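>>> next comes the sequence, and after it the predicted model I'd like to discuss.
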4 protein chains.
Amino acid sequence: MIIQVKEDISNQQKDSLILEINKVGLKITEVKTQVGTYLVGIGKGEFDIRKFGHHEGIQDIHIVSDDYKLVSKKWKVKPTSIDLGNEVFIQDGEMAIMAGPCSIESETQIQEIVQHLKENDIKIMRGGVYKPRSSPYAFRGSGIEGLKLWYSIANEAGIKIISEVMQVSQIEEMYDYVDVYQVGARNTQNFNLLDELGRIDKPVMIKRGISGTIEELLQSAEYVFSGGNEKLILCERGIRTYEKASRNTLDLNAVPILKDKSHLPVVVDPSHGIGIRKFVHQMALAGVMAGADGIIYETHSCPEKAFSDGQQTLDFSQSALLTDHIRKTFALRKTFSLL
Amino acid sequence: MIIQVKEDISNQQKDSLILEINKVGLKITEVKTQVGTYLVGIGKGEFDIRKFGHHEGIQDIHIVSDDYKLVSKKWKVKPTSIDLGNEVFIQDGEMAIMAGPCSIESETQIQEIVQHLKENDIKIMRGGVYKPRSSPYAFRGSGIEGLKLWYSIANEAGIKIISEVMQVSQIEEMYDYVDVYQVGARNTQNFNLLDELGRIDKPVMIKRGISGTIEELLQSAEYVFSGGNEKLILCERGIRTYEKASRNTLDLNAVPILKDKSHLPVVVDPSHGIGIRKFVHQMALAGVMAGADGIIYETHSCPEKAFSDGQQTLDFSQSALLTDHIRKTFALRKTFSLL
Amino acid sequence: MIIQVKEDISNQQKDSLILEINKVGLKITEVKTQVGTYLVGIGKGEFDIRKFGHHEGIQDIHIVSDDYKLVSKKWKVKPTSIDLGNEVFIQDGEMAIMAGPCSIESETQIQEIVQHLKENDIKIMRGGVYKPRSSPYAFRGSGIEGLKLWYSIANEAGIKIISEVMQVSQIEEMYDYVDVYQVGARNTQNFNLLDELGRIDKPVMIKRGISGTIEELLQSAEYVFSGGNEKLILCERGIRTYEKASRNTLDLNAVPILKDKSHLPVVVDPSHGIGIRKFVHQMALAGVMAGADGIIYETHSCPEKAFSDGQQTLDFSQSALLTDHIRKTFALRKTFSLL
Amino acid sequence: MIIQVKEDISNQQKDSLILEINKVGLKITEVKTQVGTYLVGIGKGEFDIRKFGHHEGIQDIHIVSDDYKLVSKKWKVKPTSIDLGNEVFIQDGEMAIMAGPCSIESETQIQEIVQHLKENDIKIMRGGVYKPRSSPYAFRGSGIEGLKLWYSIANEAGIKIISEVMQVSQIEEMYDYVDVYQVGARNTQNFNLLDELGRIDKPVMIKRGISGTIEELLQSAEYVFSGGNEKLILCERGIRTYEKASRNTLDLNAVPILKDKSHLPVVVDPSHGIGIRKFVHQMALAGVMAGADGIIYETHSCPEKAFSDGQQTLDFSQSALLTDHIRKTFALRKTFSLL
């Protein structure tokens, strides 16, 4: 059960309400976000929702039987819109394009890519400065100095930044230099990190775990939301299966399912989803038709020389073409109304 | 190595050629299809292909290092076109739509669906008369009598038929009443069935195994081709993974990969691929954008009353809308040229 | 619901019983095996089992809610014993060892292995004469002639034979030369084959599918049982997962689960289960401790020269040592009583 | 390449050695642990190892071509022994038993379990005070206060403690109250956590990721080792597959493979590996026969009342019996010598 309480509810009203809910066997977690205050009731008690409806201070009350509550569409039918400022949104009904390198490498590299994005009217740049690497001997990213450099160039060009945060201590460090935090596929269930991201007021995009279920992704989003941050984006980036002809198995089924279960925007990452440069194009367009609200892909002025992920990175002419096709495909999709 | 020999090669020329190939350590399988005669050389011997080029009677000669040979694009760059007659084709550059019920149930049901297909200019009807069921107590299909009835109605209406064959003895039985044989996901590695389908002159669509790899699908097609039948279609229908929010995980990555590796047309089955009616639409369109040459889906006048698979079957208005969107999406895709 | 009827039930008594069961919404399948006659009721009707108990001609009546019925332990608590004659059994409380080559190759090979089995008191020899191969160009086995030769040598030595049957037409062909039919992992859901194996009176060992679930394995056994053949053995041989360090992932969890759900004996195949010769030993012993009633493994006088599966085949000294350890491990296990 | 240098190597000798190695295209990471100092060379350069052998200050030099180096058996053939003090070891040739509750709950609970362990001569107690939970509303553990209480009781009784660390900030907090840190399956690739655990001098047991490969587990261990901590234990605890009849698929294949590839001890967790109480016993014994150096399982005075994981937790009589059988099985295994 989710009860959204009025902003002017008195403490006494709230306590009396909680007491009554406890009586039917539900435990209450109070959640205060940028948008509102919620009482989330967890438990198996059977009860009649009308019993609480008369209480003063209640704005809205819903039964949500899923394991995730606040991210569910069952209580919030209106899609969540993520506003990055300067008219840049990630939301249902729009097509957010995010492009950039796997790793931030150098000032020149940043400038080339920013230039490419501007020429193609792409508003959000992706890039990593902390790189999760399975081997301890691999390149681990340019760190906070790389981020600061990148931010200063991108910000001046009016480009928003999305970048991966790997641990709690980086949240504050990165705060002034990032527009969207990305939680990577290896950290989808790093619950301490999710808890802490719930305490800040910046958008967070959570990638599905390497072999994470759709439900686990929603529960991870629930962590951040219940921590106090509603600005959430979900990302399908491919899952681990027995098939080795592609790097991962892009599970586009997840797109309509996530859109059906949750009010959060859903982004598709075809670069990691297939992992082979010449097929990223088709999978991006497939993602658009599956219902994605955004596409995130890797591009670099010279993919062969990229520090990482070169095999799945588009060059600028491929990127320009893809962006054009994404927009045309999305424009067609908008003309389709479902029954 | 694949050597296509001229149709007028003499036995003496052929024997002498085979002898010379054997000398470099390759074993030859001779394959005679509707289209041509091929000598497929298998083995690990190192050799110079030019050594054989001067032989009389050779039309074409190619090195193919994959485990599958005849279905590889490495020797046959031109896409295979499957001609069903009456201007109905399954091929690269076209969008074949195949729709129909999971099971053939009754004359009325067939007539309703045929009528729906005609109204929407859908030229191929799918349907099962032999049903593979995991429980021995479940409905096993209407059998050959159902097929004959179906064929007579469909044929009169100018509609082509695709239907699943489950065992060797059914091949002959079905022959006069089917336009395309379908090999189901549980029979993808039923090698005896594949062998026998290689001996007939009718198109065969092979579905990817329930947890089959892309390479195994190509090898299964190789079975039929090397048996003598080039009229082959590949079908992605979802694979088994840990994710249980959908019936299967539709692996659209397989589409561009199969199109890249093989000259055979590739069809996507979104009905089995996601298994939830309200999401079939998006996944079908995603399949089109991933590069499919055809879409096969389930439709029924009253999905709730279907003998099987009702939960993933579209009603006629959903089907009409989907067909329209598939065509528009494909029309857009045709305007896209890749770099 | 399963009703075992008395052998002397009259047709009138049976018809009247079936009629009454139909009334509560169950459909009856009559199953007659080597052992008894059963009425299997399928359907979702709610009813009181005592309603039928008074009927004449009933021996036993049980509610079984699983998707598999006749192979369930819920109605038949006593473990099934498979009697191969000459005091050779596959059953709970015994440890059946089955060893032999992947492929039957030659008279000399058969004689060497038979000799090895006799020296180590191994009573059952495995071997393939029809080989399912993913490539059409690979060795496909020595066929029925190989089987006849093998049988004559093994039979004279008092060794029983288990060999894979790949298609319906082979059942009769093999009948006189085989003691146990094996259904391979690619045919676990070849329902026509299972149907036909239900019509014969010889034991059948069904291997779990390449990515088959435990429930599907039980349902496949249900096919054979409901066809009329109770002589069934289940085999865990590894499943397909994302892990590529081993050929398959031997799922030993399946052993206690299958033993708990079904009255059928369970055999473990460590050779295919891990696919690496030097680890077969440990996995066989692990299988014993997991509760297996038998172990089937590959051995050859010279694994390096085996026609197939050499990489996972034990030589004779490894085989002798393993057999000794299996017996010692099983002897210890027999001293363990669970709570 | 791994070069173990002598403890008395001079800086000049070391610099000159590194310079020479760099020349052949390898990048050097210097690793200093409790045991020794290593120069790990990473790169693809071809070279003759004898080129460096003459250098002063070198103790040992090895080519290791795997992606993991320091944890490989290729340079350190002797198995690593983890010494917890008071004659408690986790090492090859011994059978370490670790038992305890999923969650530390109360003083009474701790005392009951400690008493049970003492009665059965079990030297290591497992238990969680920080619980990773997929839902933010679930019980998250008793925290550092729970750990302190537990440690004081266990320490007095001479029982060692293993407990999960979930984030960097907990490492120091827990340091004085834990004998072995456990890295859970959701943190196997939490690289920052691994880095930090490399900086301390306490044993670390790393669980395989929820869908982690064997190679990734070894690479995660490499992180800790290359950070400076050699005291490492690996743990197989089941992987995620399509099979849902068990909580996870216990991959016992991993045991002999890990023992073959690495010098680190390997522990099996049958409780999480199958997740069903009545089958934990068999899977523990299977783990012993697969070659495990230790078994970790869950026990509680009253599993039905456990705060978490009750469905897979043994009661004390089951635990006592299992411990007895583990020891007898291990005693038998020790009499087996492999070829």
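Cool, the structure landed.
>>> how about the residues of the stretch 201-339 of chain A near chain D?
A:209-211, A:216, A:219-220, A:222-223, A:226-227, A:240 (CB under 8 Å from any CB of the partner chain). Glycine gets a C-beta too; all of them are placed from N, C-alpha and C.
>>> just the residues you listed that are near chain B?
Among those, the residues lying close to chain B (CB under 8 Å from any CB) are residue A:211.
>>> from the residues of the stretch 201-339 of chain A next to chain D, which ones fall inside helices?
Among these, DSSP state H puts A:216, A:219-220, A:222-223, A:226-227 in helices.
>>> a markdown table for those, including neighbour count?
Below are those laid out as a markdown table (neighbours: other CB atoms under 10 Å in any protein chain shown):
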| residue | neighbour count |
| --- | --- |
| A:216 | 20 |
| A:219 | 26 |
| A:220 | 31 |
| A:222 | 27 |
| A:223 | 31 |
| A:226 | 24 |
| A:227 | 18 |
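>>> as JSON lines, those residues with pLDDT would be great.
JSON lines is the format used below for these (pLDDT from 0 to 100):
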{"residue": "A:216", "pLDDT": "96"}
{"residue": "A:219", "pLDDT": "96"}
{"residue": "A:220", "pLDDT": "97"}
{"residue": "A:222", "pLDDT": "96"}
{"residue": "A:223", "pLDDT": "95"}
{"residue": "A:226", "pLDDT": "94"}
{"residue": "A:227", "pLDDT": "94"}
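>>> tell me which helix or strand residue A:331 sits in.
helix A:316-335 (DSSP states H and E).
>>> what packs against that helix?
Judged by 3 or more CB pairs under 8 Å, 6 or more residues apart in numbering or on different chains; DSSP states H and E, helix A:316-335 is in contact with strand A:96-100, helix A:107-119, helix A:277-290, strand A:294-298, helix B:316-335.
>>> for the lowest-mean-pLDDT helix or strand in chain A, buried residues please.
One helix or strand of chain A scores below all others by mean pLDDT, DSSP states H and E: helix A:50-53, with a mean of 79. Within helix A:50-53, the residues scored as buried using 16 or more other CB atoms under 10 Å in any protein chain shown are residue A:52.
>>> swap in stretch A:133-151?
Result for stretch A:133-151 [16+ other CB under 10 Å]: buried residues A:133-137, A:140-142, A:146-151.
>>> A strand includes residue A:13, no?
No. Per DSSP: H, G, I helix; E, B strand; the rest coil, residue A:13 lies outside any strand segment and is helix.
>>> sorry, back to before: name the residues that touch the helix holding residue A:331?
Applying CB atoms under 8 Å, 6 or more residues apart in numbering or on different chains, the external contacts of helix A:316-335 come out as A:93, A:95, A:97, A:99, A:116, A:119-122, A:277, A:280-281, A:284-285, A:288-289, A:291, A:295, A:297, A:299, A:301, A:314, B:285, B:289, B:328-329, B:332, B:335-336, B:338-339.
>>> now that helix: average pLDDT?
The average of the pLDDT scores along helix A:316-335 is 98.
>>> between that helix and helix B:277-290, how many degrees?
In terms of direction (axes from the mean of the first three to the mean of the last three CA atoms, to 10 degrees), helix A:316-335 departs from helix B:277-290 by 150 degrees.
>>> now do the buried residues in helix A:316-335.
By 16+ other CB under 10 Å, the buried positions in helix A:316-335 come out as A:316, A:318-323, A:325-326, A:328-330, A:332-333.
>>> just checking, residue A:289 touches residue B:291?
No. Applying CB atoms under 8 Å as the test, residue A:289 and residue B:291 come out as separate, 11.9 Å apart.
>>> neighbour count: the two, which is higher?
The residue with more neighbours, out of residue A:289 and residue B:291, is residue A:289; 29 against 24, by other CB atoms under 10 Å in any protein chain shown.
>>> so what's that one closest to, chain neighbours aside?
residue B:285 (3.9 Å; CB to CB, 6 or more residues apart in numbering or on different chains).
>>> likewise for residue A:277?
Distance criterion CB to CB, 6+ apart; nearest residue to residue A:277, sequence neighbours excluded, is residue A:312 at 5.5 Å.
>>> quick check, pLDDT for the one you found.
Looking at residue A:312, the pLDDT reads 94.
>>> repeat that for residue A:45.
68.
>>> check the one 4 residues further on too.
Looking at residue A:49, its pLDDT stands at 77.
>>> repeat that for residue A:119.
Confidence at residue A:119, expressed as pLDDT, is 98.
>>> what subset of the contacts of helix A:316-335 is buried?
Burial by neighbour count, 16+ other CB under 10 Å: within those this picks out A:95, A:97, A:99, A:116, A:120, A:122, A:277, A:280-281, A:284-285, A:288-289, A:291, A:295, A:297, A:299, A:301, A:314, B:285, B:289, B:328-329, B:332, B:336.
>>> about what we covered before: the residue nearest to residue A:289 contacts residue A:291, doesn't it?
No. Residue B:285 lies out of contact with residue A:291 (CB under 8 Å); the separation is 9.0 Å.
>>> coming back round to it: hmm, the residue nearest to residue A:277 is touching residue A:278, no?
No. The criterion here is CB under 8 Å, and residue A:312 misses it with residue A:278 at 9.7 Å.
>>> report pLDDT for the residue of the stretch 51-200 of chain A found nearest chain C.
Proximity to chain C, evaluated over the stretch 51-200 of chain A using CB to the nearest CB, is greatest for residue A:185 at 14.1 Å. Looking at residue A:185, its pLDDT reads 96.
>>> ok, now how distant is it from chain B?
14 Å (CB to the nearest CB, to the nearest Å).
>>> that's a helix at that residue, yeah?
No. Counting by three-state DSSP, residue A:185 is not part of a helix but coil.
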